[in-house]
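> Sequence first, predicted model second:
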Amino acid sequence: MIKIYRTENSKIGEEHAFDPGSWIQLTDPSMDELELISERFEIDIADVRAAMDADESSRVELEDEYTLILVDIPIIEIRNDQKAYTSIPLGILLLDDYLITVCAEETPVLQYFVNSTVREFSTKKQMRFVYQILYRTCMVYQLYLRTIDSKRTEIEERAQENMKEEDLVTLHELESNLVYFATSLRANGTVIDRLSRYSRVRQFPEDKDLLDDVKVENGQAIEMTIIYRDIIHGTRELLSNIIDIRLNNVMKYLAAITIVMAIPNIISGFYGMNVDAKWVPLVRTPFGFGIICVMTVVICVIVLKVLKKKKML
C-alpha cells in the first residue's frame, strides 16, 4: 500500500501525486508497488526491498542520488496465543525532494506523524523528519519495555499465591524479547552515530539538539533493556526456587504420612506371624484387640507430634 503525505502550514494531508516535499509511505507493499517506486525515483530495487527482509541489519548506505537508512523498530506480534515483542526493519530513503519509508507492517512509530501528534513536523525538512522518526522509535521501545516490566511485576506479585509453571515460560519469552530489543537498539545506536556525521542533506540548527536527544533516549532504552533483562533473569530463578521448595515440601509431607501409616502395618505384621499364640502379647487378654488398636493410635499420634516438631508436617 502506498500513501503520500505532505505538510502545509504545519498540517499534514494525504496527496495523490508525487509532489516535491512529500513523504511517501509504503506499508507491506506489493512487488508492483516496489517496482513503481524504484523506476519512478531511479532507486535500486534491492534498496527499496531491503526493509522487507526481517534479517536485514541496521545501516546507512550512501548512493549517488539517494541515501538508504535502515533501523529496527519495535512491534507487537502474537506468539503462542500471547502478545510478544520483537523488532522489524524500517527503511528510510532520502532523496533531494522526497522521503520514502518502507515497512512490512503498520507501525505506531509512523502513526504519530500521520495523526499529527509530533510537534514541528514537516515533510520538507527531511533530516529533522528522520531524527523525529528515530526519536519516536526510542519512545516506543521504552513504552514496550515498561509494559514488559509490568508483566514481570504481575508474575512476581502472585508468585507466593497462585504461581503456575506457565509463568516461567512467560518470563523466558519476555527475556527473549529483551534480547531482541538490546540487539536492535545497539544497531540503531550505530546508525545514529553515523548520521551525526551526515552532511549531504541540509540540516537546521535545532536538528543538532534533536539528534542529541535521540542519542540520549536510545542510550536510555539500552540501559532499561539491560536492567529489565537482569531483573527478569533473577525473577525466573526465584520462581524456579519457589517451585523446588514447594516440591520438597510435598515430598516431606508424603514421607511423613508414609512413616505414620507404616506403624499400623508393622504392628499388624507382628500379630500376623505364624507362631504359638502363648508368645503373642495380649492374645488372651480381655479386650486385647481394642487395647492394641488404642496403643497403635497413641504411637501414631506421638510420631505425628515428633514429625511436626521436626517441621516435616
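Nice, thanks for sending it over. The structure displayed is predicted, hence computed values, not measured ones. Residues are numbered from 1 along each chain as shown.

> could you pull out the strands for the chain?
With DSSP state E as the criterion, the chain has strands at 2-8, 11-15, 22-27, 59-62, 67-79, 82-94, 98-103.

> Which one of those has the poorest average confidence?
When these are ranked by mean pLDDT, strand 11-15 comes last with a mean of 81.

> That one to strand 2-8, inter-axis angle?
140 degrees (axes from the mean of the first three to the mean of the last three CA atoms, to 10 degrees).

> in strand 11-15, what counts as buried?
Across strand 11-15, burial judged by 16 or more other CB atoms under 10 Å covers 12, 15. From N, CA and C alone the C-beta is placed, and that goes for glycine too.

> likewise stretch 291-301?
292, 300.

> what's in contact with that stretch?
260, 263, 264, 267, 271, 282, 285 (CB atoms under 8 Å, 6 or more residues apart in numbering).

> Can you get me a residue count around the first one?
For residue 260, the tally of surrounding residues (other CB atoms under 10 Å) stands at 15.

> OK, contacts around it?
Contacts for residue 260 were tallied using CB under 8 Å, 6+ apart; they are 300, 303, 304, 307.

> so who does residue 240 touch?
Applying CB under 8 Å, 6+ apart, the residues near residue 240 are residue 168.

> if you set the cut-off to 10 Å instead, what comes out?
168, 171 (CB atoms under 10 Å, 6 or more residues apart in numbering).

> Begin at 14 from now on, thanks
Okay, using 14 as the starting number, the last item reads as residue 253.

> and the gap between residue 293 and residue 280?
In this structure, residue 293 and residue 280 are 12 Å apart, going by CB to CB, to the nearest Å.

> Give me the more crowded residue out of these two.
Comparing residue 293 with residue 280 by neighbour count (other CB under 10 Å), the higher total belongs to residue 280, at 16 against 13.

> Just the pLDDT at the nearest residue to the more buried one once chain neighbours are set aside, thanks.
Using CB to CB, 6 or more residues apart in numbering and skipping the chain neighbours, the partner closest in space to residue 280 is residue 309 (5.4 Å). Residue 309 carries a pLDDT score of 85 in this model.

> Residue 156 too?
At residue 156, pLDDT is 93.

> pretty sure it contacts residue 121?
Yes - with contact defined as CB atoms under 10 Å, residue 156 counts as touching residue 121 (8.7 Å).

> Mind listing the shared neighbours of the two?
With CB under 10 Å, 6+ apart as the test, residue 156 and residue 121 both reach residue 87.

> Same drill for those two, tell me which one is more crowded.
residue 121 (17 against 13).

> Residue 149 is in contact with the more buried one, correct?
Yes - between residue 121 and residue 149 a contact is recorded at 8.3 Å, counting by CB under 10 Å.

> Between those two, which contacts overlap?
residue 86.

> mind checking how far residue 234 is from residue 227?
11 Å.

> what's the overlap in contacts for these two?
Joint contacts of residue 234 and residue 227 (CB under 10 Å, 6+ apart) are 150, 151, 201, 202.

> re the thing from before, need the overlap of contacts for residue 293 and residue 280.
Joint contacts of residue 293 and residue 280 (CB under 10 Å, 6+ apart) do not exist.

> for the closest residue in space to residue 185 that isn't next to it in sequence, what are its contacts?
Once flanking residues are discounted, residue 185 sits nearest to residue 249: 6.7 Å by CB to CB, 6+ apart. Residue 249 sits next to 165, 168, 180, 181, 182, 183, 184, 185, 187, 188 when contact means CB under 10 Å, 6+ apart.

> go on, residue 207?
Applying CB under 10 Å, 6+ apart, the residues contacting residue 207 are 71, 72, 73, 75, 82.

> neighbours around the fourth one, how many?
Residue 75 is surrounded by 12 other residues when neighbours are defined as other CB under 10 Å.

> ranges for the helices of the stretch 164-313 of the chain?
Listed in chain order, the helices of the stretch 164-313 of the chain (DSSP state H, counting those that start in this stretch) span 178-208, 218-284, 301-322.

> Run the angle between the longest one and helix 178-208 for me.
Helix 218-284 and helix 178-208 are oriented at 160 degrees to each other (the same axes, to 10 degrees).

> How far off centre is helix 218-284?
Taking CA atoms, centre = their mean, to the nearest Å, one finds helix 218-284 lying 17 Å from the centre of the chain it belongs to.

> If I take it and helix 301-322, what angle do their directions form?
Going by the same axes, to 10 degrees, helix 218-284 makes 160 degrees with helix 301-322.

> show me the contacts for the closest residue to residue 155 other than its chain neighbours.
Closest residue to residue 155 apart from its sequence neighbours, by CB to CB, 6+ apart: residue 234 at 5.3 Å. Contacts for residue 234 (CB under 10 Å, 6+ apart) come out as 87, 150-158, 194-195, 197-198, 201-202.
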